[in-house]
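Let's see this in three dimensions:
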Amino acid sequence: MPFTSTARRIASGFTLIELVVVLAILAALAGLIIPRVDFLKSSAESASGAAAMEETFGNLQLFKTVKGTYPHQFDSLLDTTGAVYGKIFTHGGTSWMTPLSITPPPPGPPAPSLYASLVHGLESNSSGFFVLYDHSLTSTEFSDSATVARIVDGTAAFNVAELTSTSVRNKLYPGGVPAGVRLVCFGIGPKCTAVGTTMAAPALCAGVGPVNPSTHYCRYVAVMAISETAIKCQLKAVIDPLGNDVTGRLKGYYTSTPE
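As a prediction, this is how the structure comes out:
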């Protein structure tokens, strides 16, 4: 049976010109598709980040509903010297937290103070104290380097990480932070007492620009509003390592478009 022209062409292979044309077409298609793959990845990360923050917030609030307090054994976001841990929130070379020193009140009936608000708001251990975990300066596992236990027992002043960035504070309080309220940050790490009760495991966050677990702390952060004028501690938000809250991550999801 004689070859048809098409069969004869297939049998003899492609010409060089035909091969170049095919490769050019494939390259053009790749140029159209690859940016959209990156866009889909970014959109998925924004959506999953928003969902993780919302779920974590709900888990911490559920803990408060069940136990009457928020959990403790958070990551302090400080190193063992009392300073903000060097691998946290240094996007653009600027940290958006600073250490806040809290002094226990003198003996006597409880009076409104930052110390009283934290003690009232966080779960305590069997000795009546709450525990924070400071970051080891020698660790290379930055997301899990909060390994140095610090017991807050009311006998000495202690530092916590305060949210001081104006842009991040304005996201949480568009009308301004109320007078007498300080915003304290705690990392939600694997030692948090909510793990195993209202949450299975603390989430690692992804899709937040240059931050990654090999170089930065990559867990979510609980922002507590504590009062100097009332014995009150309230979970204000759960945010990611660049200061985005749920609204910010959702905005990134809805406004991002493929190039």
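
and the residue lying closest to Ser227 once chain neighbours are set aside, what are its phi and psi?
Excluding the flanking residues, the one nearest Ser227 by C-beta to C-beta, 6 or more residues apart in numbering is Ser117, at 5.1 Å. Quick note: C-beta positions are derived from backbone N, CA and C, even for glycine. Dihedral angles of Ser117 (phi, psi; degrees, to the nearest 10) stand at phi -70, psi -40.

so Ser117 sits right up against Lys232, yeah?
Yes - under the criterion of C-beta atoms under 8 Å, Ser117 makes contact with Lys232 at 5.7 Å.

anything in contact with each of those two?
Common neighbours of Ser117 and Lys232 (criterion: C-beta atoms under 8 Å, 6 or more residues apart in numbering): Ile226.

picking that back up, around the residue nearest to Ser227, count how many other residues there are.
By other C-beta atoms under 10 Å, 25 other residues sit near Ser117.

now do Gly176
8.

Over to Lys191?
Neighbourhood size, Lys191 [other C-beta under 10 Å]: 20.

now it: how far from Val21?
61 Å (C-beta to C-beta, to the nearest Å).

List the buried residues in stretch 108-121.
Buried residues in stretch 108-121, counted by 16 or more other C-beta atoms under 10 Å: 112-121.

can those residues go into CSV with extra columns for pLDDT and secondary structure?
Output for the buried residues of stretch 108-121, formatted as CSV (pLDDT from 0 to 100; DSSP: H, G, I helix; E, B strand; the rest coil):
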residue, pLDDT, secondary structure
Pro112, 91, coil
Ser113, 92, coil
Leu114, 93, helix
Tyr115, 93, helix
Ala116, 92, helix
Ser117, 93, helix
Leu118, 92, helix
Val119, 89, helix
His120, 89, helix
Gly121, 93, helix
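
of these, closest to Thr15?
Each of those was scored against Thr15 by C-beta to C-beta, and Gly121 proved nearest at 76.4 Å.

Return the residues in contact with that closest one.
69-70, 224, 226, 232-234.

and which of the buried residues of stretch 108-121 is nearest to Leu137?
Leu118 (24.7 Å).

Surely the closest one and Ile102 touch.
Yes - between Leu118 and Ile102 there is a contact under C-beta under 8 Å: 7.0 Å.

Could you name every residue contacting both of the two?
Val160.

For the stretch 151-259 of the chain, which segments are assigned as helices?
Assigned by DSSP state H, counting those that start in this stretch, the helices in the stretch 151-259 of the chain fall at 166-172, 246-255.

Go through those and find the least confident stretch.
Sorting the helices of the stretch 151-259 of the chain by mean pLDDT places helix 246-255 lowest, at a mean of 60.

With distance to Thr198 as added columns, please give the contacts of Gly121 in a markdown table.
Below are the contacts of Gly121 laid out as a markdown table (distance: C-beta to C-beta, whole Å):
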| residue | distance to Thr198 |
| --- | --- |
| Thr69 | 12 |
| Tyr70 | 11 |
| Met224 | 17 |
| Ile226 | 21 |
| Lys232 | 22 |
| Cys233 | 17 |
| Gln234 | 17 |
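
Low-confidence regions, the stretch 1-150 of the chain specifically.
For the stretch 1-150 of the chain, the stretches with pLDDT under 70 are 1-14, 29-46, 89-94.

where do the strands sit along it?
Using DSSP state E, counting those that start in this stretch, the strands assigned to the stretch 1-150 of the chain run over residues 74-79, 97-102, 130-135, 146-152.

How about the stretch 151-259 of the chain?
158-163, 181-187, 221-227, 233-239.

thinking again about what came up before, most neighbours per residue, which of the strands of the stretch 1-150 of the chain?
Among these, strand 74-79 has the highest mean neighbour count (mean count of other C-beta atoms under 10 Å), at a mean of 27.

Which secondary structure elements does it sit against?
strand 130-135, strand 146-152, strand 158-163, strand 181-187 (3 or more C-beta pairs under 8 Å, 6 or more residues apart in numbering; DSSP states H and E).

need the contact list for Gly189.
Counting by C-beta under 8 Å, 6+ apart, Gly189 touches 74-75, 133, 143-144, 146, 202, 219.
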